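[1] All I have is the shape, not the residue letters:
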């Protein structure tokens, strides 16, 4: 219709609580500490060399069981794709951003994530970032420190990853010291490294995604070892040792874990097992993730699952039945993510949209947004037009609750007695069948402003669904 009808949508959330065994969903890969300098490319995706954007593209909503790791560009793309296939949501912290905890003005504040992966940082963290990381773990977050051999100073600033992690306070807080140039076992190859812990309940060797195999283990190509200090953290344990080491010893450790406050920490002395051989920068990287001779991928996936709250002891992040947000950027405050605000269709961060009037529904208008400056503005241009906006999310099979909520405001010049124009809210299930959750029209316009709408979607547990307006 050509009448003036506007629907403003804001604050979309799909909150899910799961049984304690299910891993939390939000994993943040740090790409803000020189992860692409030199011959490195330790990012899950980058649209151009050295520029890892927040949301990998194409959208992770379209990842299926057969999606190749080349769907994204980055030497950690195989890692990221594998996590998405297991139901996790992944993001990157771009260059120029900072790690914060409790900063409500930061859309990527660590309070929004369950696991933080630090892939071989090559510049030290600021004092504020160090405290943010510690606060994140202490309050239930999972931290994965991925180092490399001593001397891997890829930008020649005097810092390698082992030194950066030691400067973070890994030893003092977590009981994990990364060996540096002046110390033994700080640069070596070891493949296969299968000197596993004897603990039958190890969350790394016998984790959520399977048991490690004798003769496989880690494929280490240029690694440092770790020395553990239980006096600093009584929970620290070795999970895998250098082949010439001793199970249970505090030295020659190649994979370690610890708890800190309510959270968990994992550490490895080499980035090779997590990387793949494809990247945007044309760098020479090693296909450790896809190497069938080793259990590299399995060990890392088990680690993420444990960091996110699965396995014995404690809880972390969104695990343990804690409600977890599934929709990304439900307030639209991420803005346009560099996309166009015109056209017949497009992708804006985690959102996909169409418009017969060439108007991107994701709009910047603080006078109309419920909070902040951004909202989804559908129609209302005085012309015949159809606008849509949608996002796909996974609802885990063991969800105990699943509630979809959004705030809606309808504005019209047509009065409220007769329905002329309509807004449909759809849920498209895993088989592609569309279900109408609600229908609104100009008859729903109200002077009171935004109205909260909620729907129980637990019936769709175990499916990746698409929410569409």
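    Arrived safely, thanks for sending. Bear in mind the structure is a predicted one, so any value in this text is a computation, not a measurement.

[2] CA only for contacts and neighbour counts going forward, please
    Fine.

[3] where along the stretch 101-250 of the chain do the strands fall?
    Here the stretch 101-250 of the chain has its strands, by DSSP state E, counting those that start in this stretch, at 115-119, 142-146, 176-178, 188-193, 195-196, 206-207, 210-211, 218-223, 226-228, 237-241.

[4] what's next to the first one, contact-wise?
    The one in question is strand 115-119. 26-31, 35, 42-43, 110, 141-147, 271, 304, 307-308, 317 (CA atoms under 8 Å, 6 or more residues apart in numbering).

[5] what about 6 Å?
    27, 28, 29, 30, 141, 142, 143, 144, 145, 146 (CA atoms under 6 Å, 6 or more residues apart in numbering).

[6] Kindly report the same for stretch 423-434.
    435-441, 463-469.

[7] Mind picking the two most distant members of these?
    Greatest spatial distance in these: 441 and 463, 29.4 Å, computed using CA to CA.

[8] Who has more neighbours out of the two?
    residue 441 (20 against 17; other CA atoms under 10 Å).

[9] distance of that one from residue 465?
    24 Å (CA to CA, to the nearest Å).

[10] same deal with residue 309?
    According to CA to CA, residue 309 and residue 465 sit 24 Å apart.

[11] and these two? which has more neighbours close in?
    residue 309 (29 against 24).

[12] what secondary structure does that one sit in?
    In three-state terms, and counting by DSSP: H, G, I helix; E, B strand; the rest coil, residue 309 is coil.

[13] Buried residues of stretch 238-256, list them for me.
    Residues of stretch 238-256 classed as buried: 238-243, 246-248, 250-256 (neighbour count, 16 or more other CA atoms under 10 Å).

[14] next one: that stretch to chain centre, how far?
    29 Å (CA atoms, centre = their mean, to the nearest Å).

[15] now the end-to-end length of it.
    4 Å.

[16] now swap in stretch 228-242 and tell me
    Note: stretch 228-242 ends 14 Å apart using CA to CA.

[17] Can you tell me what sits against that stretch?
    Taking CA under 6 Å, 6+ apart as the rule, stretch 228-242 contacts 172, 174-176, 195-197, 250, 252-259.

[18] Show me which of the residues you listed is closest to residue 162.
    When the contacts of stretch 228-242 are ranked by distance to residue 162 (CA to CA), residue 176 comes first, at 10.7 Å.

[19] Please look at that closest one and residue 170 and confirm they touch.
    Yes - contact status for residue 176 versus residue 170: in contact at 5.4 Å, counting by CA atoms under 6 Å.

[20] So for those two, which sits in the more crowded spot?
    A count of neighbours by other CA under 10 Å puts residue 176 above the other of residue 176 and residue 170, at 30 against 20.

[21] ok, so what distance separates the closest residue to the more buried one other than its chain neighbours from residue 173?
    Leaving aside its sequence neighbours, residue 176 sits nearest to residue 228 (CA to CA, 6 or more residues apart in numbering; 4.9 Å). Counting by CA to CA, the separation of residue 228 from residue 173 is 11 Å.
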